[in-house]
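Q: got a predicted structure here, sequence first:
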Amino acid sequence: MKEYNPGIIEKKWQNIWDDHGTFYAENVSAKPKYYLLIEFPYPSGKGLHVGHPRPYTALDIVARKRRLEGYNVLYPIGWDAFGLPTENYAIKNKVHPREVTKENIARFKEQLKSLGFSFDWSREINTTDQEYYKWTQWIFIQLYNMGLAYKKEFPINWCPACKAGLANEEVVNGNCERCGGAVHKKVKNQWMLKITEYADRLIDDLDDLDYIERVKTQQKNWIGRSYGLEADFKIDGTNEALSVYTTRPDTMYGATYMVIAPEHELIEKLKDMISNYDELVSYRDESANKSDLERTEIVKDKTGVRIEGIDAINPITGMKIPVYISDYVLITYGTGAIMAVPAHDTRDYEFAKKFDLPIIEVVSGGNIEEEAYTDNENGILINSELIDGLNVNEAKEKISDYLENKGIGRRTKNFKLRDWVFSRQRYWGEPIPLVNCDSCGWVPLDLKELPLILPDVESYEPTDNGESPLATMTDWVNTTCPKCGGKARRETDTMPQWAGSSWYFLRYIDPHNDQALASEESIDYFMPVDWYNGGMEHTTLHLLYSRFWHKVLFDVGVVKTKEPYLKRTSHGMILGENGEKMSKSRGNVVNPDEIVEEYGADTLRMYEMFIGDFEKSVPWSMNGVKGCRRFLDKVFRLQDILVTGDTFTNDMEILMHKTIKKVSNDFETLKYNTGISTMMELVNAFNKKGSINIKEYETFLILLNPVAPHLTEELWVLAGLPGMLNQTNWPKHEEAKTIDETIDMPVQINGKFRGTVNIGRNASLEEAKAAAFANPELLVNLEGKTIVKEIFVPGKIFNLVVK
RNA sequence: GCCGAAGUGGCGGAAUGGCAGACGCAUACGACUCAAAAUCGUACGGGAAACCGUGGGGGUUCAAGUCCCCCCUUCGGCACCA
C-alpha cells in the first residue's frame, strides 16, 4: 500500500486550488454570501509562530464548510504593514521600511500558503500600498469635514535619552522600552478624533450584536458610561460657582469639602482672592512632572493643598466648606472638580483622614469610624433633612429634582472613554492629508490629490525635538493651499497603526476599485461581516476604533449597516511547552514550518484545533502533534478496509448520523476539539468493525475536509469519487436516525450508580423495574431493604430510594 | 480595589442536573520482529476492599463538576473615572 506523504500531497493540492481559483469569492452571485474575517497579520520580521494559525484554521474550517453548504464565501487576507517594529528595524539596519515590509510580507505569505488556508488571495491588500492608503486618507478627510478631527495640546510619551516620542506600547512600566530610561510627558499639538461623540451608539448598538459576552462587557466598561448630576457650588463672596459631577447626589448632605484638579481654571480665575497662589502653582507643576507610574504608585498616600482665601457653599446645607486641589481629581473627567463625601467614598475618606476634615454619615449601615461605607446601594438616608428615611435611589431622584428646579443642577452623563489621539511623530505611517494655510487655516486636500504619497527620505529617524521626520523635508512640507493657492505647509504627523485596520474589511470587498473605497453594490452585497474572530487584546482599541469608523461611514452614507461585524469570537493564546508565553527571549517559540516539514500542514491544522478549548490559552505539546499525525495515518489506512456500498450499513447508520450532527454543530460553536474527537471515535468504530463502505467513507472525508483539506481531497480522488471534494455538498443528518432503539439505562440505588439495564428507548417504569430485578448484581443492593420511592426519567435514569 | 473568565487523572481536555474522566498524549505489559521503529491488543484517578474522589466549606435535590451562599487560588482587562 502507498504511504501517506503530506509533503507531496499538500503541494499538489495547493497548486490545484491556486490554478482553479477554487476559493475566490464571486463578485456577483446568486448564492447567499458569507463573509468571514480574521485579524490580518502585522508582518513582523520574525515570521509566523504556531499561535497565528489557530484563529486562521478555525475560520478556515467554517469557510470550507460554508462553501460546501452552498454559500459564496468571502475569506480574505492582507497585511497591516505600517508600524513601529518595521520602522525601528529599518533605522537600526539602515534599510528602507518599504523594503523591510516587502521582505516580511513575502515570508509571511509563503508560510501562510504552506498551511493551505482557503483565503481568496486575489483580494490580498496591504495598508502601505498607495492605492490602499489613498482611501485611509479619504476617510480621514470625511472625519475632518464632519468636525470629528480637531487639534489639541496633548502630552506624548517622551524619552529624553532617545529624544523620541514613544507609542504607549513602547513604554514599559514607565520606562523606555529601548533604553530603559524614565519616560516623561511632552505636550504637543496633536490631531484628535472625537470618538466620544459616538460613545452612546458604541454602547447601545452592542445589544443587537452576537458578540461573546466578555467582549461586550469589556467594551462597555472601557467606554464607562455613568449617569449623574452636575451641581453648582457657589464660591462664598463671589458670583462664581464651582460645578461638580456626581453619581451620588443623594449623599450631598455629607459633602464636607471640595477638591478640584490641580489644572482647574478656578485657580486663575480667583487668583486675586487666593492667598497661597504660589503654593498651588508649585503643587500643580509637581504633579505635571510626575510620570504615570509615579502618579499611580502614590495611590495610598493622598496629597493636596487647601486653597486659602476661598470657601464654597454646599447648596443643600448652606454650610461653608473648604476647597482643595489634589491630583486624585482628574481634569479630564467630568468637570475636573468633585464634592467630597468622605463617609461614603474611599478616596475622599483617605483624604479627609489625612487633612483632618469632618466625616458625616448620610447612609446608614456602615461603620464610618473604621472605613468609608460605599457598598450602600440599598441603604437608607440619615442626617439629610430633605431625604431622611428614603432609600438611595429615591434620594438621588429627589435631590436631582430639587437642584434642577432651583437651576443649580443638571442631570447628565459622563464617559471614561477619551478622544483618540491620532497623531504620530513617525515616518512609517499614512501622511495626514491636510495643509495649514496662513489665511485659510487647516484645509483638506482634494480627492484628486490623493493619495498623498509618503515621501522618500534620507533619514526617517525621529528628530531631536519630537517632530515627525517628515518635518525636516522642506520641499515636501512647503506647498500651496488647495483653497486660495497661497503658501501653506503640510501636516507632518502621520497616522497611527490603527488607521489602516479600522476599515480594511471594506477594501477586501472591492480591492482594486480606484473610484471609491469599494463600490456601492459590492458593499451592499457583502456587508456586514458575518463572523469576525480575533484576539481579546484588540477588544478595546482596534475593535472599538473600527466600529467607530464604520459608524462615521454609515453617517456619510458609504455603508448601509450601522455595525461592521455581526458576530465576534475570540481565541485563546498558544503558550510554549513550558506553559509560558511564547517569545524569543524565553526560547520557547515553535515555528510552524518545522511542523509542516516533519508532519505536514494537515497535522498542524488538526492539532491547532484539537489542542484544547478554542477560547482558552493552552501550552503547545509536540506529543500532541504526533497524536494527530497518527490519526491522519489511520485515516489514510482506511483505504485498506474500503468496501462497496451506496448507503450507510445498518450497524453504522446511527453512528454516522450522530457524527454528522455533532461535527456540524461543533464546527459552528468553537468546539473544534470535540468535533475532531467525534471523528476519531468514528474511525475507531470502523477499524473495530474491520470495514467501511464507500458511502460512509465519502461522508467521513467531507466531514474531515475542513480540518485536513489536502489529505481528504487526495483520498477522494484515490477512491475514485466523482470530481473534486471541494465541489461536493456538506452532508445532512436525519434527526430520526440519530436515536438508538435501545439504551443502557443507569440504575441507581439511593442516588448511587449500581449498574445499567438494556431497555427500549421508550420503556416504561415497569419494564425498567422488571429488567433491574432480573439483574442479580443489582438485587444484592436491595437485600433487606424496602423501596420507598421510585424515580424514573424515561430514557435517562432509574433511581430506587430504599430504607 | 473594580470587572470578567476559570480551577476535573501524570498532561491537554470531555460531560442538556442523571454511569465523572469521552477523545488524545504519556506510561506499563503483551503480539509482530533476530532486534528496533512503526503497527495492533490490554491496562491506566485513589484504595486490598468497603468505599473515596471534579480548589475549600455549607446548602437545595431522589440525584450536583453542573444550581444557590461563603471562602481560597490562577489568568485576562481596568485602575484615584467621583
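A: Nice, I can see it.
Q: report the contact partners of the residue of the stretch 351-500 of chain A found nearest RNA strand B.
A: Minimum separation of the stretch 351-500 of chain A from RNA strand B (C-beta to the nearest atom of the strand) falls at A:Lys416, amounting to 3.3 Å. From N, CA and C alone the C-beta is placed, and that goes for glycine too. With contact taken as C-beta atoms under 8 Å, 6 or more residues apart in numbering, A:Lys416 is in contact with A:Trp222, A:Ile223, A:Gly224, A:Tyr333.
Q: in helices only, show me those.
A: Applying DSSP state H to the contacts of A:Lys416, the entries found in helices are A:Trp222, A:Ile223.
Q: pick the one among the contacts of A:Lys416 closest to RNA strand B.
A: Checking the contacts of A:Lys416 one by one against RNA strand B (C-beta to the nearest atom of the strand), the nearest turns out to be A:Tyr333, at 4.1 Å.
Q: what's the distance between that closest one and A:Val183?
A: Between A:Tyr333 and A:Val183 the computed distance is 23 Å (C-beta to C-beta, to the nearest Å).
Q: likewise for A:Gln639?
A: For A:Gln639 relative to A:Val183 (C-beta to C-beta), the value is 63 Å.
Q: looking at those two, which one has more neighbours?
A: For A:Gln639 versus A:Val183, the count of surrounding residues by other C-beta atoms under 10 Å is larger for A:Val183: 27 against 15.
Q: taking the stretch 451-600 of chain A, what residue is nearest to RNA strand B?
A: A:Met536 (5.2 Å).
Q: now the residue in the stretch 1-150 of chain A that RNA strand B sits nearest to: closest residue in space, sequence neighbours ignored.
A: Nearest residue of the stretch 1-150 of chain A to RNA strand B, counting by C-beta to the nearest atom of the strand: A:Glu3, 9.7 Å away. Closest residue to A:Glu3 apart from its sequence neighbours, by C-beta to C-beta, 6 or more residues apart in numbering: A:Phe636 at 8.0 Å.
Q: how close does that neighbour sit to A:His20?
A: Using C-beta to C-beta, A:Phe636 is found at 24 Å from A:His20.
Q: of these two, which one has the most company?
A: Set A:Phe636 next to A:His20 and count neighbours by other C-beta under 10 Å: A:Phe636 wins out with 20 against 12.
Q: can you tell me how far the more buried one sits from A:Arg629?
A: Noted for A:Phe636: a distance of 10 Å to A:Arg629, by C-beta to C-beta.
Q: and A:Ser677, by the same measure?
A: 16 Å.
Q: quick one: stretch A:607-626 near RNA strand B?
A: Yes: using C-beta under 7 Å from any atom of the strand, a contact is recorded between stretch A:607-626 and RNA strand B, made by A:Phe610, A:Ile611, A:Gly612, A:Asp613, A:Lys616, A:Ser617, A:Val618, A:Pro619, A:Ser621, A:Asn623, A:Gly624, A:Lys626.
Q: pLDDT score assigned to the last one?
A: This points to A:Lys626. The pLDDT attached to A:Lys626 in the predicted structure is 95.
Q: quick check: next helix or strand after the helix or strand of chain A with the lowest mean pLDDT?
A: Counting by mean pLDDT, DSSP states H and E, the weakest-scoring helix or strand in chain A turns out to be helix A:292-297, with a mean of 62. From helix A:292-297 onward toward the C-terminus, using DSSP states H and E, the following helix or strand is strand A:305-313.
Q: ok, that next one: who's next to it in the sheet?
A: strand A:226-235 (antiparallel), strand A:320-325 (antiparallel) (DSSP bridges).
Q: how about those in a markdown table, adding mean neighbour count, mean pLDDT and distance to RNA strand B?
A: Supplementary listing: these in a markdown table, determined by neighbours: other C-beta atoms under 10 Å; pLDDT from 0 to 100; distance: least, C-beta to the nearest atom of the strand, whole Å:
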| stretch | mean neighbour count | mean pLDDT | distance to RNA strand B |
| --- | --- | --- | --- |
| strand A:226-235 | 19 | 96 | 3 |
| strand A:320-325 | 20 | 97 | 12 |
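Q: of all those, which lies closest to A:Phe554?
A: Set against A:Phe554 and scored by C-beta to C-beta, the strands paired with strand A:305-313 come closest in strand A:226-235, at 26.0 Å.
Q: downstream of that closest one, the next helix or strand is which one?
A: As assigned by DSSP H and E, the chain's next helix or strand after strand A:226-235 is strand A:241-246.
Q: which elements pack onto that following strand?
A: Taking 3 or more C-beta pairs under 8 Å, 6 or more residues apart in numbering; DSSP states H and E as contact, the helices and strands that strand A:241-246 lies on are strand A:226-235, strand A:257-260, strand A:337-340.
Q: can it be said to contact RNA strand B?
A: Yes: shown here: strand A:241-246 in contact with RNA strand B (C-beta under 7 Å from any atom of the strand) through A:Tyr245, A:Thr246.
Q: so what's the gap between that strand and the chain middle?
A: Shown here is strand A:241-246, whose average C-alpha point lies 35 Å from the average C-alpha point of the whole chain (C-alpha atoms, centre = their mean, to the nearest Å).
Q: run the chain-centre distance for stretch A:88-95.
A: Once both centres are worked out by C-alpha atoms, centre = their mean, stretch A:88-95 turns out to sit 31 Å from its chain's centre.
Q: buried sites along it?
A: Using 16 or more other C-beta atoms under 10 Å as the burial criterion, the residues of stretch A:88-95 that qualify are A:Asn88, A:Tyr89, A:Ala90, A:Ile91.
Q: hey, C-alpha coordinates of that stretch in CSV?
A: Listed in CSV are the C-alpha atoms of stretch A:88-95, where the atom choice follows Å, rounded to 0.1, in the frame of the first residue of the first chain:
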residue,chain,number,x,y,z
ASN,A,88,12.7,50.6,14.2
TYR,A,89,14.3,47.7,12.4
ALA,A,90,14.8,49.8,9.4
ILE,A,91,16.5,52.5,11.4
LYS,A,92,18.8,50.1,13.1
ASN,A,93,19.8,48.2,9.9
LYS,A,94,19.7,51.2,7.5
VAL,A,95,17.2,49.7,5.2
